[in-house]
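S.K.: Below are the sequence and a predicted model for it; my questions follow.
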Amino acid sequence: MRPPSMPELPEVETTRRGLAPHLEGRRVTTVTLRRPDLRWPIPEAVCVRLPGQRIEAVERRAKYLLLRTAAGSAVWHLGMSGVMRVLPADTPVAVHDHVEVGLDDGRLLRFTDPRRFGSLLWQPVGETHALLAGLGPEPLSDAFTGDTLFAASRGRKAAVKPFLMDQAVVVGVGNIYAAEALFEAGIRPTTPAGRVTRERYQRLAAAVKRILGCAIERGGTTLRDFLNPDGLPGYFEQELFVYGREGEACRVCASALKSLRLGQRATVWCPRCQR
DNA sequence: CATCGGACCTGTTAGC
DNA sequence: TGCTAACAGGTCCGAT
């Protein structure tokens, strides 16, 4: 039904928290590209600049993970199916293992991504990569509020769901969490963004923060298993109200959930709870 | 500028 | 049962 461990923002944050204690303070010894054609070709700078650098911090911006060093940052996106793990140096290589970063403690950071929607970029120190430059506020920060959404939406004719998924409006809200947040806020996904009231945007922003925060907390509970090859924690499926439940009964009012494609994305909502 | 459709990729699932 | 086709999804990019 659902691909396992699809990285939405909570998964990326969980990955960051899991990697940080193993990477911060470590020095990079080697960079090995087994498959340099990810979403974009991996820039040569990653191989040239990263070796020898000490990893100062593991950071996150939107769904990008940044390994920060004095020379710059390796910027990773997990795409649809990417996984990053710290493993013993002698761990056998599998088909979809594309990049390896050797560490001075003898272990390695391995990037695995079957669909290769992921990417690895280089951001020189003091610069902001073009792909990060146009991003909207972090959903869990104080910079993101209902007023933010209200202001950004005036005059917009696009439906509120794709509007909420626009990375220039707010980052990190993917298809699953957009559907769930709109349900929690009682807003129909097809409503033109410019016609949603300020009050309803306040409810929507609150829902986004609550749902993402909750999912990150859940991810945190599996951190101790982070080095396990089983990989990232999955979603808490039993708590989904609409995503993937088209035709099924609404968990609140029992109405049959409706669905359509909005901006090429599966969209499910409750015709009674969401107006 | 806002919006829309196409492209990328492959494991899984539905349909024949 | 075996094969093929559709589907899933984030996000960039080019066209309108």
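M.R.: Sure, I can see it.

S.K.: Where does the stretch 151-275 of chain A get nearest to DNA strand C, residue-wise?
M.R.: A:Gly174 (2.5 Å; C-beta to the nearest atom of the strand). From N, CA and C alone the C-beta is placed, and that goes for glycine too.

S.K.: residue contacts, that residue?
M.R.: Neighbouring residues of A:Gly174 by C-beta atoms under 8 Å, 6 or more residues apart in numbering: A:8-9, A:165.

S.K.: tell me the SS of A:Val99?
M.R.: What DSSP: H, G, I helix; E, B strand; the rest coil gives for A:Val99 is strand.

S.K.: what do you get for A:Thr148?
M.R.: Put simply, A:Thr148 is helix when judged by three-state DSSP.

S.K.: for chain A, what's the longest helix?
M.R.: For chain A, the longest helix by residue count, based on DSSP state H, is helix A:198-220.

S.K.: For it, give me every contacting residue.
M.R.: Against helix A:198-220 from outside (C-beta under 8 Å, 6+ apart): A:8-11, A:13-14, A:17, A:139-140, A:144-150, A:153, A:160, A:164, A:170, A:172-173, A:177, A:180-182, A:184-187, A:196, A:232-233, A:235-236.

S.K.: Let's see that with 6 Å instead.
M.R.: A:9-10, A:13-14, A:139-140, A:145-146, A:149-150, A:177, A:180-181, A:184-185, A:187, A:233, A:236 (C-beta atoms under 6 Å, 6 or more residues apart in numbering).

S.K.: And these, which of them are buried?
M.R.: With neighbours counted by 16 or more other C-beta atoms under 10 Å, those contain buried members at A:9-10, A:13-14, A:139-140, A:145-146, A:149-150, A:177, A:180-181, A:184-185, A:187, A:233.

S.K.: and chain A, which residues reach DNA strand C?
M.R.: Counting by C-beta under 7 Å from any atom of the strand, the positions of chain A adjacent to DNA strand C are A:3, A:6, A:8, A:39, A:62-63, A:77, A:79-81, A:115, A:117, A:131, A:165, A:167, A:172, A:174-176, A:243-244, A:261, A:264-266.
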